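Q: below: sequence and its predicted model.
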There are 2 protein chains.
Amino acid sequence: MLPERNSTKARRTRANIIESALSLFREQGFDQATMREVADRAGLAVGAAYYHFRTKDEILLALYESTIDDALERARFKSAKSADFADRVKDTLEFKLSLLKPFRDFLGPLAGHALIPGSALSPFSDESSEIRAREMQLFSSIIHGSSLKVASEFKQHLPRLLWLYQMSVIAFWLRDTSTGQSRTLRLISISLSLIMKLFAVTRVPVLRQANGLILSLLELTEPDNSEKQAACA
Amino acid sequence: MLPERNSTKARRTRANIIESALSLFREQGFDQATMREVADRAGLAVGAAYYHFRTKDEILLALYESTIDDALERARFKSAKSADFADRVKDTLEFKLSLLKPFRDFLGPLAGHALIPGSALSPFSDESSEIRAREMQLFSSIIHGSSLKVASEFKQHLPRLLWLYQMSVIAFWLRDTSTGQSRTLRLISISLSLIMKLFAVTRVPVLRQANGLILSLLELTEPDNSEKQAACA
DNA sequence: CCTTAAACTCGAACCTGTTCAGATATTTGC
DNA sequence: GCAAATATCTGAACAGGTTCGAGTTTAAGG
């Protein structure tokens, strides 16, 4: 891990670099902008940038984090308007997308890391666990504040599921070339209707036989229990 | 686009490069192996390698393609053993994963391109449409040779859906750290059971009301109808 | 054969992310 | 205020993917 970097100066320099990076990324895209340019615009040498950020990607991650950070609070407020689960999720997702919109053009390269197993930038990685936890927390509050009815055994998995759903929506949105990404908005509203129907179905007695399957699928995809066997040895 | 490169010599050189790359990637991993080494081992200068392949990643793609190519035929044969749809899909997926296994460690970088919108290496891109079409064709033959019963309006979407399912399985497999990726095998069998149940449900009269939703979701995610509006103008 | 254009190959040079051995600034202990 | 310790910064050097102008080989036509 990097040293503290918590002094006022370090924080200011970091902010300075992030700001320069943001404007450059906006102007030229993530790939085109070079670290030398970022450092130049911040009035620093490359080495200084690498003193505060391990990699170029990490600057992008910090950028994302600083944007999403206060956004989470606003999203929580925004979603509280209705008690209907689907409405709340819809509001939240649309709000998040509107926040991400300015970055859409250079978020693509970042998304590429999602599937690369070792990447620190993957939303599944340890490095981004903090921000992931914060996002899931938002979904938790959305669930608990709503009037959602779903088979009780699924409750504990819902935040992660919702987060996964959000990631899929974002992945679709990044590749959505329709004007204003209107297609994504339709995707959200249709898929949410379906999800609600699915939730309803899990409570129908005749169909509950499938719940066991769903549950084992959920447990199978849980990230942290891969060492359970190792611990027994 | 690159020129023809279809002469005997070009084909031989390409094969030569691919072979060198494969052995090097196996020995050192994709990232560690340098283009200079690949070229050296093939008895060429770097420039020659770049005459035949636009990028390092493209060599990996060619590698993947040459592996998957004859595999598709064998997979078709393999899946024909049973008439049960789920069994056929399961056999095919497991067979494909067994083929990909030797590449698993260095397939990550390739997967990374999947989500990057403009990437030529994305499995969604125009450039890889040929291999995608061939894979979907396999799924078509799996469907048509089986005793699958599903609401008729979904039939036309099944190959693409199955292909998407395959991609998800592979994405999971790439990040699956359980010994022998046993977890992925369980994922396949559980998710297939669920999918079969879902198929059954689409034919239950009371629940058919959801079919319209599903159908519009399927059409929304179709890749080629993004220009329909533009064509009207 | 010889000519010539196209296909192919070469390898030095380029570009850009990253590192590192030292400056320079800032803080801390006294 | 001062010296040691620590934090911050510098810019040259490195590494590896990629480009490119200049050769060399091959194929076709005469």
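A: Now that the structure is in, tell me what you want to look at.

Q: list the contacts of A:Arg208.
A: By C-beta atoms under 8 Å, 6 or more residues apart in numbering or on different chains, the contact set of A:Arg208 is A:Ala151, A:Thr202. Every residue, glycine included, has its C-beta placed from N, CA and C.

Q: which of the three states applies to it?
A: Here A:Arg208 is recorded as helix under DSSP: H, G, I helix; E, B strand; the rest coil.

Q: against chain B, how distant is it?
A: Using C-beta to the nearest C-beta, to the nearest Å, A:Arg208 is found at 12 Å from chain B.

Q: tell me the domain boundaries of chain A?
A: A:1-53, A:63-223 (automatic domain parsing).

Q: which one of those domains lies closest to B:Phe77?
A: Each of the domains of chain A has some distance to B:Phe77 by C-beta to C-beta; the shortest is domain A:63-223, at 29.8 Å.

Q: now do the closest one: distance to the chain's middle.
A: 8 Å (C-alpha atoms, centre = their mean, to the nearest Å).

Q: near DNA strand D at all, it?
A: No - using C-beta under 7 Å from any atom of the strand, we find that domain A:63-223 stays clear of DNA strand D, coming within 13.4 Å at best.

Q: considering the domains of chain A, which stretch scores lowest in mean pLDDT?
A: Note on the domains of chain A: domain A:63-223 shows the lowest mean pLDDT, a mean of 88.

Q: name the element the closest residue to A:Val150 other than its chain neighbours belongs to?
A: With C-beta to C-beta, 6 or more residues apart in numbering or on different chains as the measure, A:Phe199 is the residue that lies nearest to A:Val150, at 4.6 Å, once sequence neighbours are left out. Secondary structure assigned from DSSP states H and E places A:Phe199 in helix A:182-201.

Q: same check on A:Glu127?
A: Element membership of A:Glu127 [criterion: DSSP H and E] is none; it lies in no helix or strand.

Q: could you tell me how many residues sit around it?
A: Neighbour count of A:Glu127, defined by other C-beta atoms under 10 Å in any protein chain shown: 17.

Q: next, give phi and psi for it.
A: Its backbone dihedrals place A:Glu127 at phi -60, psi -30, with angles given as degrees, to the nearest 10.

Q: repeat that for A:Ile116.
A: Backbone geometry at A:Ile116, expressed as degrees, to the nearest 10, gives phi -80, psi 120.

Q: for chain B, see how far away it is.
A: 4 Å.

Q: export whatever helix or strand A:Glu73 lives in as CSV, just CAs?
A: If you go by DSSP H and E, A:Glu73 is part of helix A:56-79. In CSV, the C-alpha atoms belonging to helix A:56-79 read as follows (Å, rounded to 0.1, in the frame of the first residue of the first chain):
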residue,chain,number,x,y,z
LYS,A,56,-2.9,5.8,-14.5
ASP,A,57,-5.8,3.5,-14.0
GLU,A,58,-5.8,4.4,-10.3
ILE,A,59,-6.4,8.0,-11.1
LEU,A,60,-9.4,7.0,-13.1
LEU,A,61,-10.6,5.0,-10.1
ALA,A,62,-10.1,7.9,-7.8
LEU,A,63,-12.0,10.1,-10.2
TYR,A,64,-14.9,7.6,-10.2
GLU,A,65,-14.8,7.4,-6.5
SER,A,66,-14.9,11.1,-5.9
THR,A,67,-17.9,11.4,-8.2
ILE,A,68,-19.8,8.5,-6.8
ASP,A,69,-19.1,9.4,-3.3
ASP,A,70,-21.5,12.3,-2.6
ALA,A,71,-23.7,10.9,-5.3
LEU,A,72,-24.6,7.9,-3.1
GLU,A,73,-26.0,10.2,-0.5
ARG,A,74,-28.1,12.1,-3.1
ALA,A,75,-29.2,8.8,-4.6
ARG,A,76,-30.4,7.6,-1.2
PHE,A,77,-32.5,10.7,-0.8
LYS,A,78,-33.8,10.5,-4.3
SER,A,79,-34.9,7.0,-4.0
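
Q: and chain B, is it touching that?
A: No - figure legend: helix A:56-79 not in contact with chain B (C-beta under 8 Å from any C-beta of the partner chain); closest approach 11.8 Å.

Q: what comes up buried for that helix?
A: Residues of helix A:56-79 classed as buried under the neighbour-count rule (16 or more other C-beta atoms under 10 Å in any protein chain shown) are A:56-64, A:68, A:71-72, A:75-76, A:79.

Q: ok and the residue in chain A nearest DNA strand D?
A: Of all residues in chain A, A:Gly47 sits closest to DNA strand D, with a separation of 1.9 Å (C-beta to the nearest atom of the strand).

Q: element containing that residue?
A: Element membership for A:Gly47, per DSSP H and E: helix A:46-52.

Q: need the helices for chain A, in chain order.
A: For chain A, helices defined by DSSP state H occupy the ranges A:8-28, A:35-41, A:46-52, A:56-79, A:85-100, A:104-112, A:129-144, A:158-174, A:182-201, A:209-220, A:228-232.

Q: now do stretch A:13-30: distance to the chain's middle.
A: In terms of C-alpha atoms, centre = their mean, the centre of stretch A:13-30 is found 20 Å from the chain centre.

Q: and the residue of chain A closest to DNA strand D, how many neighbours?
A: Here the count is done by other C-beta under 10 Å, and A:Gly47 has 8 residues near it.

Q: likewise the one 3 residues further on?
A: Using other C-beta under 10 Å as the criterion, A:Tyr50 is surrounded by 14 other residues.

Q: kindly provide the distance from it to B:Ser128.
A: If you measure A:Tyr50 against B:Ser128 using C-beta to C-beta, to the nearest Å, the figure is 35 Å.

Q: quick one on the thing from earlier: test my guess that the residue nearest to A:Val150 contacts A:Ser147.
A: No - with the criterion set as C-beta atoms under 8 Å, A:Phe199 and A:Ser147 do not qualify as a contacting pair; they are 11.8 Å apart.

Q: measure A:Pro159 to B:Ser191 for me?
A: When distance is defined by C-beta to C-beta, A:Pro159 is 21 Å away from B:Ser191.

Q: can you list the residues of chain A near DNA strand C?
A: Proximity of chain A to DNA strand C is confined to A:7-9, A:31, A:33-36, A:46-47, A:50, A:54-57 under the rule C-beta under 7 Å from any atom of the strand.

Q: neighbour-wise, which of these leads?
A: In terms of neighbour count, A:Ala33 stands highest of these at 22 neighbours, by other C-beta under 10 Å.

Q: what sits against that one?
A: A:Ala33 makes contacts with A:Ala21, A:Leu24, A:Phe25, A:Glu27, as judged by C-beta under 8 Å, 6+ apart.

Q: then A:Ile131?
A: A:Tyr64, A:Glu65, A:Ile68.

Q: apart from its neighbours in sequence, what residue is nearest the second one?
A: What that stands for is A:Glu65. Take A:Glu65 and drop its neighbours on the chain: the residue closest to it by C-beta to C-beta, 6+ apart is A:Ile131, 5.5 Å away.

Q: right, I'll call it a day here.
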